[in-house]
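>>> what follows is a predicted protein model with its sequence.
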Amino acid sequence: MASSDSKQKRFIAGAICPLCNSVDRIYTLTGTEGMSRHCVDCDFNEDLEASQKAVPDIQTIKMPGT
């Protein structure tokens, strides 16, 4: 059985590291603290919840005549 503080590690196919540009070396960690992504080749890591909060909400705009 998994403990309550365990993390799930999942590699992301085709992902490119924004720091070292390695392909297929990015994985996400999901745990009780939230989700983050990391690179196995360099020191890149990012908290995904924090980066998603920085992105403004998308608004739907109705175009005239549609």
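Nice, thanks for sending it over.

>>> residue ranges of the helices in the chain, please?
Using DSSP state H, the helices of the chain run over 48-54.

>>> for it, what helix or strand is lowest in average pLDDT?
The helix or strand with the lowest mean pLDDT-type score in the chain, counting by mean pLDDT, DSSP states H and E, is helix 48-54 (a mean of 63).

>>> ok, residue 25 touching residue 44?
No - between residue 25 and residue 44 there is no contact under Cβ atoms under 8 Å: 9.2 Å. Every C-beta, even on glycine, is put in place using the N, C-alpha and C of the backbone.

>>> hey, what's in contact with both of the two?
Common neighbours of residue 25 and residue 44, using Cβ atoms under 8 Å, 6 or more residues apart in numbering, are residue 17.

>>> measure how buried the closest residue to residue 20 other than its chain neighbours is and give me the count.
Leaving aside its sequence neighbours, residue 20 sits nearest to residue 42 (Cβ to Cβ, 6 or more residues apart in numbering; 4.1 Å). As a burial measure, residue 42 scores 14 neighbours (other Cβ atoms under 10 Å).

>>> same deal with residue 20?
By the criterion of other Cβ under 10 Å, residue 20 has 12 neighbours.

>>> how near is it to residue 26?
Distance from residue 20 to residue 26, counting by Cβ to Cβ, to the nearest Å: 10 Å.

>>> list residues touching both of these two?
In terms of Cβ under 8 Å, 6+ apart, residue 20 and residue 26 are both contacted by the residues residue 39.

>>> residue ranges with poor pLDDT in this protein?
For the chain, the stretches with pLDDT under 70 are 1-5, 50-60, 66.

>>> contacting residues for residue 26?
Residue 26 neighbours (Cβ under 8 Å, 6+ apart): 11, 12, 15, 16, 17, 37, 38, 39.

>>> contacting residues for residue 7?
The neighbours of residue 7, taking Cβ under 8 Å, 6+ apart as the test, are 29, 30, 31.

>>> any chance of the contacts of residue 26 in a markdown table, plus distance to residue 65 and neighbour count?
A markdown table is the format used below for these (distance: Cβ to Cβ, whole Å; neighbours: other Cβ atoms under 10 Å):
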| residue | distance to residue 65 | neighbour count |
| --- | --- | --- |
| 11 | 46 | 11 |
| 12 | 40 | 12 |
| 15 | 40 | 16 |
| 16 | 40 | 14 |
| 17 | 44 | 18 |
| 37 | 42 | 19 |
| 38 | 47 | 16 |
| 39 | 47 | 20 |
